[in-house]
Structure formats: C-alpha cells, structure tokens
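> Dropping a prediction and its sequence here:
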Amino acid sequence: MNRLRMLPVGTSNIPGPELFWMSEWDAWHPLCFQVGLIQGAGVTALVNTGPAADLEPMNKGWASFLGDRARMSRDDGQFILDQLEALEIAPSDVTHVIVTPLQLYSVSNVLAFPNAEICIAKRGWIHFHTTHSHPHDNRDTSIPPEILTHLVTDAWDRVRLLEDEDVVAPGIRTWWSGGHHRASIAVEVDTTKGTAVLSDSFFYLENVENNHPIGISENMYECLAAHERAKRADIVLPLYDPKNFERFPEGVVA
C-alpha cells in the first residue's frame, strides 16, 4: 500500500461561476493548489509539480482576465522543492511525475526531477501538438517553450504518454477524465485507508457530491462522468479544494 500526502503550493480566488457552473454569480471562492505526494515500495511519485518560483508571469496572465483578486499567493516554505526538502526528499529521489492538466501550476517544475518518469495524458499531448488556436488553452501557458524543448529532446526518454486507462506503478492507476482540459486525468492511489482519487476535473468535493460541474470546463458531460467514477473511490481529493486540509490534518491522507 502507498502513503499519500497533499502539499499546498499556492492559493488563489475564483468567481463562483468558474467553480460551480452557472451559479453563485456574486461569490468568490478560494482555491488551494496542491501536489500529491505518493510513497510506496521503490516509488516516490508527485501528482503535479506546483507553480514556478517566480509567480509573476502566471499571475500577470490571470489578472488580465479575472483581475488582481485572482492572483496566486504562496506562503514561505510552500514552494514544492522547499517542502520536499523539509520532508527529506531530494529531487533525484522522485521516480514519477504525473501531470494534470498541462498548465503553469502543474508543469513549471518538471525539469527539477532528473530521474522521474514524466507522465502526461496522451490525449492532452496530441491536443497540444495538433491545435493551433483554442479558446481555453494557450500553448505557452500549457507547456512553456523552455520546458517543451527539454521534454522533446534531453528528457524524451523519460516522457510517458498515458493511455485512457493506465497503470503508472503498483497501486497507482490513471484514467482520462477530461472536462477541465484535454490533458486532465484522474489518479487513483491504493492506500491503507482505501483507494483515493485525485483530479482537476473537479475543484471542490461539492462538485462531485452534488454532481455540479465546474464552470471552467470544456465538456460538461465529461465532468459528470468523472464525478460518477470518482464516487467509486473511498476518498475523493479535488486538487484545488482547501478543505482537503480540514478533512486530513497537515494533508496526511494515509
């Protein structure tokens, strides 16, 4: 069985209709962006790598369409490499990085882990490389050019394109969930407390429990299907839900 811990890597705020489709027009809600740390026999895996050390380029883009209230902030010590160091995990110890979706807050630090297999949804990878213009995905904020160059050259042997149903390592499975982005996946982790599922296809647990899709989605029906499948798991972990840390003190899930 695997150990699982959620690490907070930054907070932001979004308007209600972005979180709950066509609802809460006058409300804003906090998001806590998280990295999942999975540790098992011979495996140290990360679900996402958190935003870059310099938040300003990403924040400039977010503020341009949502205003300054949407800017991400990060407490001292929350940069992912600082948190791993505090847990006595060296970048070279990380065996797998699972990315969902392809965005600056998920991919910015993939190059920091020299030995990790970099797992990306094949559907998302194909979409990225075959789409010239898209209303939701900007190429440079999906995979920045300097990271892309490395992924398709020096790191290409470590890039693994995930099928719609795949197994990353013992007790760690993935399935394509879509909804939020073409590269969105769900990661199932077998733990001593049952199977946990992590995904960005739902932002809050309420999305799943109330079957209320996120508003910033590319396909409502994919969101609804992801909710139904996620409910089969013992533990549902939306990757941006701040209440994960109320349900699991210090982010320790299992």
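Alright, I've got the coordinates.
> which residues touch the nearest residue to residue 220 once chain neighbours are set aside?
Distance criterion Cβ to Cβ, 6 or more residues apart in numbering; nearest residue to residue 220, sequence neighbours excluded, is residue 213 at 5.1 Å. (Each C-beta comes from the backbone N, C-alpha and C, glycine too.) Residues in contact with residue 213 (Cβ atoms under 8 Å, 6 or more residues apart in numbering) are 21, 179, 202, 207, 220, 223-224, 227.
> rerun at 10 Å
19-22, 179-180, 201-203, 207, 219-224, 226-227 (Cβ atoms under 10 Å, 6 or more residues apart in numbering).
> In helices only, show me the residues you listed.
Mapping the contacts of residue 213 onto helices (DSSP state H) picks out 19, 207, 220-224, 226-227.
> which of those has the most neighbours?
With neighbours set by other Cβ atoms under 10 Å, the maximum within the ones in helices among the contacts of residue 213 is found at residue 226, which has 30 neighbours.
> What segments of the stretch 51-200 of the chain are strands?
Using DSSP state E, counting those that start in this stretch, the strands assigned to the stretch 51-200 of the chain run over residues 96-98, 117-121, 159-162, 165-169, 172-176, 185-191, 194-199.
> Take these and write them to CSV, including mean neighbour count.
Formatted as CSV, those follow (neighbours: other Cβ atoms under 10 Å):
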stretch, mean neighbour count
strand 96-98, 25
strand 117-121, 23
strand 159-162, 18
strand 165-169, 16
strand 172-176, 21
strand 185-191, 24
strand 194-199, 22
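> Of all those strands, which one is nearest residue 68?
strand 194-199 (28.4 Å; Cβ to Cβ).
> So in that sheet, which strands flank that closest one, and in what orientation?
Strand 194-199 has the following strand partners under DSSP bridges: strand 185-191 (antiparallel), strand 235-238 (parallel).
> Show me how far the next helix or strand after the last one is from its chain's centre.
Sequence-wise, the next helix or strand beyond strand 235-238 is helix 244-247, with elements assigned using DSSP states H and E. Centroid separation for helix 244-247 versus its chain: 17 Å, with Cα atoms, centre = their mean, to the nearest Å.
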